[in-house]
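**Q** predicted model follows, preceded by the sequence.
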Amino acid sequence: MDWTTYYNWQAQLDEHIIKTQSLEEAEVIDDKILALYVEVGELANETRCFKFWSTKPSSDKKVVLEEYVDGLHFILSLGLDLDFRYESGFLTDISNKTDAFLNVFTSIEQFKHERNKSSYEQMFEAYLILGQSLGIAESELKKAYEYKNQINFQRQNQGY
């Protein structure tokens, strides 16, 4: 998959946010890492995959996809900030959703400490594997990302 379009969309949104929020001199990498943790947690909560004590089903796929895309925004943004780009590689399938979520959290923590291209790519791949475990197709992802990106622009223009 070619991620160039996603990085371009994200760059436009990031530039808009920087201008709108007057963040030209701000260092927000740690904030974005924390935001990514929060988004992954929200995604896990919507899937309910770890809630062995509950019989309530996962949220609708549309909700899960929107939460997934929120995390992708921060991963792309971190790559832009640090001048890292993900180029698709071999993905190992993890069918157990809980394992996939834990792998993402571990990879975010590793990236937080190392902040190099290798740890960025590992984090990105862990996130893509999570998406596979959730049944997210490439075509769904592109459509949902583009839609949420437009929503994020609107929110910035409305003082979100």
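**A** Arrived safely. Numbers count the residues shown, from 1 in each chain.

**Q** flag every buried residue along stretch 29-47.
**A** Of the residues in stretch 29-47, those scored as buried under the neighbour-count criterion (16 or more other Cβ atoms under 10 Å) are Lys32, Ile33, Ala35, Leu36, Tyr37, Glu39, Val40, Glu42, Leu43, Ala44, Glu46, Thr47. Quick note: C-beta positions are derived from backbone N, CA and C, even for glycine.

**Q** how about stretch 43-62?
**A** Of the residues in stretch 43-62, those buried (16+ other Cβ under 10 Å) are Leu43, Ala44, Glu46, Thr47, Arg48, Cys49, Ser59.

**Q** from those residues, which is closest to Ser77?
**A** Sorting the buried residues of stretch 43-62 by distance to Ser77 puts Leu43 at the head of the list, at 16.6 Å, by Cβ to Cβ.

**Q** please name the nearest non-neighbouring residue to that closest one.
**A** Glu67 (4.1 Å; Cβ to Cβ, 6 or more residues apart in numbering).

**Q** tell me which strands and helices the strand or helix carrying the one you found is in contact with?
**A** Here Glu67, judged by DSSP states H and E, is contained in helix 61-82. Contact partners of helix 61-82 among helices and strands, from 3 or more Cβ pairs under 8 Å, 6 or more residues apart in numbering; DSSP states H and E: helix 4-20, helix 29-47, helix 117-133, helix 138-157.
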